[in-house]
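1. mind folding the following:
(one chain, ligands or ions: 1)
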Amino acid sequence: MTTATTAEAELNVVLEYCNDVRMAPIPDAGSLPEGFAGTLGHFPVYFPEEVAHAAGLLPVAVLGGGNRLELKHADARMGSFVCSICRSTAELGLNGSLQGLSGFITHPICDAAKHLAGIWARNFPEQLSQILYLPQNVNTPGAVRYIAAEFQRLRSELEKKSGRSVDDESLRRSIGIYNDNRRLLREIYALRRDEPWKLSCTESYLLTRARSRMPAEEHNGLLKRALDAARQRNLPAQDKPRVVFVGGFCEQPPIEMLEAIDSNCYVVDDDLLIGLRWLTQDVPEAGDPIWALAESFVERSAASPVQHDERKTKEGYLMEMIRSSKADAAILTAAKFCEPGLDEQIAWAKHLDNTDIQYLVLEFEEKMTSFEQMAMQLETFAESLLFAVAA
Ligand code: SF4
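-> Numbers count the residues shown, from 1 in each chain. Model prediction:
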């Protein structure tokens with residue numbers, strides 16, 4: 001077998017494993033990875049996984065129920081106008097799929113997400129149920145101090161829950177493992193930007209998402225294998241427009257939607273699972289680790305519609321994504337009933353109207369099962385972009 005064929009086979013093995021992990025239940029007490037005493041669920045967008053990791057609680061990103069979950073219980077607890085990820089998360093709790101969690105942490109990113117904590121506390125009193133109050137405004141002088149106090153509170157809660165003390169040294173060790181993970185994820189995105197035919201958006205998504213169910217150290221091994229294989233792939237570059245995809249910061253677009261986009265475009269940057277990639281540089285491994293995480297949240301971080309930062313305006317960070325990835329166009333999406341996402345989508349579209357950058361607006365829902373119409377829209381969009389470039 002040639003090197004490229006071997007690489008293709010290796011990448012397929014890794015991606016199939018990642019897809020199995022995506023569909024798998026959360027690890028129960030009998031199948032916890034070595035060194036972990038429980039699992040801690042966290043809702044999008046950002047959660048400082050290092051603190052749970054150091055406490056021996058496997059951080060498990062709770063990313064909704066996808067398009068195969070039937071809602072039988074959640075509708076009795078939530079309005080039908082609430083976004084799908086909140087309703088399916090409640091359903092996963094109520095149908096027992098998340099009963100093995102030691103705790104569940106959500107964030108005040110919007111009213112719907114904030115109220116999940118109350119639903120959790122009332123229905124699952126045996127689990128730690130908390131809101132991690134990340135600040136709405138990170139531009140005040142006290143922001144880092146405030147976040148550090150909140151992370152310290154989280155550390156104490158998790159110590160109580162796991163019965164394991166989180167000393168600075170173990171927290172620094174976890175930060176080091178996650179720094180490796182951040183570097184590898186940056187390499188994945190750099191590869192997609194530089195040679196997008198070597199790794200599709202769907203493949204990169206599956207690789208990133210695998211961290212939601214496994215220790216970061218195991219994920220690091222997977223990412224290294226995938227990167228080595230993808231770099232050796234022998235695939236020709238195709239005539240496809242380069243686009244950025246935005247709107248996937250919280251509720252997850254169905255895999256079939258990402259595949260439809262990949263069929264027509266090269267997605268050279270996106271905000272999918274941005275919470276798992278929130279810290280954009282290494283977190284300092286010396287000094288106070290809680291302060292280092294808090295400072296990184298403010299000073300070395302990405303952008304999303306649920307975090308207000310005057311240094312990263314809605315239009316500004318989209319334009320920076322387009323510029324740095326040399327994209328020709330943008331796909332502006334929002335999850336149905338997602339107020340922060342829809343708000344951002346309007347601002348993005350209005351801004352792009354004043355530029356010569358083309359865009360396509362799409363709405364999605366995690367439970368979507370029909371993609372024919374969307375595929376047709378994407379095909380038309382991609383063709384119009386190629387004609388515009390050729391003209
Ligand atoms: S998808 Fe939007 S509305 Fe729903 S929890 Fe996330 S940010 Fe809130």
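2. count of residues packed around residue 145?
-> Here the neighbour count serves as a burial measure; for residue 145 (other Cβ atoms under 10 Å) it reads 13. Any C-beta I mention is one placed from the backbone N, CA and C, and that applies to glycine too.
3. and the residue nearest to it when sequence neighbours are not counted, what does it touch?
-> Nearest-residue entry for residue 145: residue 294, 7.8 Å, with adjacent residues in sequence omitted and distances by Cβ to Cβ, 6 or more residues apart in numbering. Applying Cβ atoms under 8 Å, 6 or more residues apart in numbering, one finds that residue 294 lies in contact with 144, 145, 147, 148, 150, 151.
4. could you export those as JSON lines, including distance to residue 194, pLDDT and secondary structure?
-> Listed next are those as JSON lines, based on distance: Cβ to Cβ, whole Å; pLDDT from 0 to 100; DSSP: H, G, I helix; E, B strand; the rest coil:
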{"residue": "144", "distance to residue 194": "34", "pLDDT": "97", "secondary structure": "helix"}
{"residue": "145", "distance to residue 194": "39", "pLDDT": "97", "secondary structure": "helix"}
{"residue": "147", "distance to residue 194": "34", "pLDDT": "97", "secondary structure": "helix"}
{"residue": "148", "distance to residue 194": "37", "pLDDT": "98", "secondary structure": "helix"}
{"residue": "150", "distance to residue 194": "38", "pLDDT": "98", "secondary structure": "helix"}
{"residue": "151", "distance to residue 194": "35", "pLDDT": "98", "secondary structure": "helix"}
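5. assign the residue nearest to residue 324 when sequence neighbours are not counted to helix, strand or coil.
-> Spatial nearest neighbour of residue 324, chain neighbours left out: residue 269 (7.2 Å); criterion: Cβ to Cβ, 6+ apart. In three-state terms, and counting by DSSP: H, G, I helix; E, B strand; the rest coil, residue 269 is strand.
6. correct me, but residue 269 touches residue 323?
-> No. Applying Cβ atoms under 8 Å as the test, residue 269 and residue 323 come out as separate, 10.0 Å apart.
7. neighbour count: those two, which is higher?
-> Neighbour count, other Cβ under 10 Å: between residue 269 and residue 323, residue 269 has more, with 24 against 10.
8. roughly how far does that one sit from the ligand?
-> Relative to the ligand, residue 269 is positioned 20 Å away (Cβ to the nearest ligand atom, to the nearest Å).
9. now swap in residue 221 and tell me
-> Counting by Cβ to the nearest ligand atom, the gap from residue 221 to the ligand is 31 Å.
10. this completes my enquiry, with thanks.
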